[in-house]
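turn this into a structure:
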Amino acid sequence: IAGLGALRGVELRELPNVDRPIVAVRADFPGAAPETLDAEVTRVLEADAEPVIQLAVASRVLSVDQLTRAVEEQLEPELVAVPGVADVTLFGGRETVMRGRLDPARLAARNVAVDEGVAALRRARADVPAGSLQGGELQ
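Residues are numbered from 1 along each chain as shown. As a prediction, the model looks like this:
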């Protein structure tokens with residue numbers, strides 16, 4: 001009799017009230033653009049899912065940056081639209097970030113070798129805002 005009375009008086013919950021743990025991560029990247037912080041830090045910290053499939057894409061006609069653009073614009077939206085696909089991550093893609101044209105005559109007039117000009121371009125930061133600056137003979 002006591003057991004039946006206790007059974008009627010015990011509160012049963014299918015979904016108990018549970019405090020969920022919360023983890024907050026703060027990342028600082030001084031001088032970086034928001035897109036750079038997202039690509040270089042945030043996505044790395046969030047990359048906890050393993051890919052189900054990996055798909056390799058190659059072309060004999062398109063360059064690497066053209067192929068990257070084609071995959072981003074045509075293939076990636078189609079794959080994301082498949083039910084159950086959470087995300088598509090592109091690896092090995094290359095985008096044209098900057099094109100530089102060196103004038104050998106102007107470099108020679110300033111006593112700068114072509115390889116020094118190329119080295120200066122490679123050292124340049126790629127995460128500065130896009131645009132152009134003009135002043136005098138410089139652009």
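
other residues contacting the helix or strand of the chain with the lowest mean pLDDT?
One helix or strand of the chain scores below all others by mean pLDDT, DSSP states H and E: helix 43-46, with a mean of 73. Contacting residues not belonging to helix 43-46 are listed as 25, 27 [C-beta atoms under 8 Å, 6 or more residues apart in numbering]. C-beta coordinates here come from the backbone N, C-alpha and C atoms, glycine included.

and the next helix or strand past it?
Downstream of helix 43-46, the first helix or strand assigned by DSSP states H and E is helix 64-70.

send over that following helix as PDB, restricted to the C-alpha atoms.
Taking C-alpha atoms only, helix 64-70 is exported to PDB below (Å, rounded to 0.1, in the frame of the first residue of the first chain):
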ATOM      1  CA  VAL A  64      42.900  27.000 -60.900                       C
ATOM      2  CA  ASP A  65      41.300  30.300 -60.000                       C
ATOM      3  CA  GLN A  66      38.700  29.900 -62.800                       C
ATOM      4  CA  LEU A  67      37.900  26.400 -61.600                       C
ATOM      5  CA  THR A  68      37.600  27.700 -58.000                       C
ATOM      6  CA  ARG A  69      35.100  30.300 -59.100                       C
ATOM      7  CA  ALA A  70      33.200  27.700 -61.100                       C
END
